[in-house]
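J.: Got a sequence here, can you model it:
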Amino acid sequence: MAVTSSRCLRSTLCCLFYLLSSIHVPLAASLSFHFNFSDPDSTCTAQNAELACSGDAYFHSTENAIELTKNAMGDRNNQSVGRLTYTQPMPLWDGTTGELASFTTSFTFRIKPAQQDSPEPSADGMAFFLAHHPSGVPPPGSFGGNLGLFNDSTNRDARGDDRVVAVEFDTFQNAEWGEVDGNHVGIDVNSIFSADFISPNKSIKSGETLAADVAYDNSTETLSVTLRMNGAPYRVSANVDMRRSLPQMVAVGFSAATGRNVEAHQLLSWSFNSSLAMSPGEAPAPVPSQAITSNRHSKAHSSTIAVSAAAAAVFVVICALIGFVLWRKLRIWKKSKEASGSGGGGELDDEHDGGEAEFEKGVGPKSRNAIAEAVDERLLSLQGDDGEVEERRQMERALVVGLWCAHPDCSERPSIARAMHVLQSTADVKLPVLRPQMYSGDTFHTVTMGGDGYGDLSFGETSTGSDASTGGCNSRSESK
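T.: Purely as a prediction, here's the structure:
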């Protein structure tokens, strides 16, 4: 019936709303990862890599480290340059809200001469950097004191895609650039000339394992560095306006270079965390290159999988609920079509099978102009205040039509088509005014309706007997 189908549809929509509101789908994930290069199974590969090696960088299985430059003595190993970068970009600020990212990165590394007992000095150093994405191969001519970051034409004032912000670990004094020594940690902003630096009292290229922490605070726009050597911290910081210094999307990684002298630049581990979320569709595809795999945990990769799985689950739920709603509407439409196409009463039980229980709930004492009081109030309590009036109107209609169909005089009963028309009509159809049936002794007063059943009711007296229970009819009148 109309009441049942309406309630079913509302319940279905409520279930759909609940499911959609209870599923949390992360639309963005901040960049976060950790790599440990001590895994002996780690190799440089171009398949599904999160890290890319370019230039002379490679994985050294014996050292369990990333070698950023060639480390063997020899003429062909001079002027070596290499880079290691994370293949996915990091957003420095949100293009919509303007929010600037904060980030932290920690790494362990070693710098040592190719031959510890060699009288020749070693050079030149390595750096952690942020640059245009994708960073690609090191710039031509970036060997020596340029540390794989710049070349001689860009190392004083880099612009456009050549811009770089870096933390350098310099092991060679370039006197022509005004460097005070060959053992310092500096912060470079689009220039090889450091904005600020610190010179530890211990050698950076001792071959010992060093640990460094680099952090950027978006509230103060301060880039700070802490280098730990044998437990002793060395700190340096500088103010850096990232919006003016770099593009919105940057690559993060490491670079190193040698000149006429050779030394090893080894990266042992690396972790990175950014506060700014990155939309999954915002990142361009990684540039094909040599790459590395290792034991690692990448939260960005896991978040992408979670987004895909949650989206698939939501899609399946929506399709299932839409299919159910369409099936219910088709079933109701078929029943309505069958009812409107049959004028006889042979299908009365089938058509009213679904509503019989509802009619049964409506039994009870009835008085004139108060037929709706026969409705069980628990049925109406399932609806809100806005739906109670409509529910009461439809239930009153169902009760009146039910009594009309049970008229003791079969000639006064409506056909199935007429009854269904009254029940399913969206307009306010005028219903018969039913008066109480009067039973007295061996006779009872039957209720008859004039005209089409929409006028007042009249009384007739019928004797009890074999015809009393059926109104003297053997079949339903089809005149209505």
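J.: show me where pLDDT drops low in the stretch 151-300 of the chain?
T.: 278-300 (pLDDT under 70).
J.: Buried ones in the strand or helix carrying residue 272, by neighbour count?
T.: Element membership for residue 272, per DSSP states H and E: strand 263-278. Using 16 or more other Cβ atoms under 10 Å as the test for burial, strand 263-278 gives 263-274, 276-278. All C-beta spots, glycine's among them, are computed from the backbone N, C-alpha and C.
J.: and the two most separated of those?
T.: Greatest spatial distance in these: 263 and 277, 39.3 Å, computed using Cβ to Cβ.
J.: picking up where we left off before, pick out whichever of the buried residues of strand 263-278 sits closest to residue 408.
T.: residue 277 (74.8 Å).
J.: quick one: that closest one and residue 30 touch, right?
T.: Yes. Under the criterion of Cβ atoms under 8 Å, residue 277 makes contact with residue 30 at 5.0 Å.
J.: Residue 393 in helix, strand or coil?
T.: Here residue 393 is recorded as helix under DSSP: H, G, I helix; E, B strand; the rest coil.
J.: Near it, how many other residues are there?
T.: 13 (other Cβ atoms under 10 Å).
J.: now residue 315
T.: By other Cβ under 10 Å, the burial measure for residue 315, its neighbour count, is 10.
J.: thinking again about what came up before, out of the buried residues of strand 263-278, which is nearest to residue 84?
T.: Checking the buried residues of strand 263-278 one by one against residue 84 (Cβ to Cβ), the nearest turns out to be residue 267, at 6.4 Å.
J.: The closest one against residue 212, yeah?
T.: No. The criterion here is Cβ under 8 Å, and residue 267 misses it with residue 212 at 10.8 Å.
J.: give me the number of residues near residue 178?
T.: 8.
J.: surely residue 59 meets residue 53?
T.: Yes. Using Cβ under 8 Å, residue 59 is in contact with residue 53, at 7.4 Å.
J.: ok, and the closest non-adjacent residue to residue 265?
T.: residue 256 (3.7 Å; Cβ to Cβ, 6 or more residues apart in numbering).
J.: How about residue 217?
T.: residue 102 is the one closest to residue 217 (Cβ to Cβ, 6+ apart), at 5.8 Å.
J.: Check the contact between the one you found and residue 221; I expect there is one.
T.: No. Using Cβ under 8 Å, residue 102 is not in contact with residue 221, being 10.0 Å away.
J.: Check whether the residue lying closest to residue 270 once chain neighbours are set aside sits in a helix, strand or coil.
T.: Sequence neighbours aside, residue 107 is the residue nearest to residue 270 in space, at 4.5 Å (criterion: Cβ to Cβ, 6+ apart). The assignment at residue 107 comes out as strand when based on three-state DSSP.
J.: Surely residue 107 touches residue 212?
T.: Yes. Under the criterion of Cβ under 8 Å, residue 107 makes contact with residue 212 at 5.8 Å.
J.: Find residues that contact each of these two.
T.: Contact criterion Cβ atoms under 8 Å, 6 or more residues apart in numbering; residues bridging residue 107 and residue 212 by contacting each: residue 128.
J.: and of the buried residues of strand 263-278, the nearest to residue 172?
T.: Using Cβ to Cβ, the buried residues of strand 263-278 come closest to residue 172 at residue 263, 8.9 Å.
J.: What residues are bridge-paired with that closest one?
T.: Counting by DSSP bridges, residue 263 forms beta bridges with residue 113.
J.: what's it in contact with, if anything?
T.: 69, 71, 111-114, 122-124, 171, 205.
J.: cool, residue 336 as well?
T.: Residue 336 neighbours (Cβ under 8 Å, 6+ apart): 420, 424.
J.: which SS class is it?
T.: Per three-state DSSP, residue 336 ends up helix.
J.: tell me the pLDDT at it?
T.: Listed pLDDT for residue 336 reads 75.
J.: Equivalent analysis for the one 5 residues further on, please.
T.: In this model, residue 341 is scored at 57, pLDDT.
J.: Give me the common contacts of residue 267 and residue 212.
T.: What both residue 267 and residue 212 touch, as defined by Cβ under 8 Å, 6+ apart, is the set 107-109.
J.: Out of those, the closest to residue 167 would be?
T.: residue 107 (10.2 Å).
J.: returning to that earlier point: now render the shared contacts of residue 267 and residue 212 as a markdown table, adding neighbour count and pLDDT.
T.: A markdown table is the format used below for those (neighbours: other Cβ atoms under 10 Å; pLDDT from 0 to 100):
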| residue | neighbour count | pLDDT |
| --- | --- | --- |
| 107 | 18 | 98 |
| 108 | 19 | 98 |
| 109 | 23 | 98 |
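J.: Can you name the residues that contact the residue nearest to residue 270?
T.: 128, 211-212, 254, 267-271.
J.: Those into JSON lines, with extra columns for distance to residue 413?
T.: As requested, these are exported to JSON lines (distance: Cβ to Cβ, whole Å):
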{"residue": "128", "distance to residue 413": "91"}
{"residue": "211", "distance to residue 413": "94"}
{"residue": "212", "distance to residue 413": "94"}
{"residue": "254", "distance to residue 413": "91"}
{"residue": "267", "distance to residue 413": "92"}
{"residue": "268", "distance to residue 413": "93"}
{"residue": "269", "distance to residue 413": "89"}
{"residue": "270", "distance to residue 413": "87"}
{"residue": "271", "distance to residue 413": "83"}
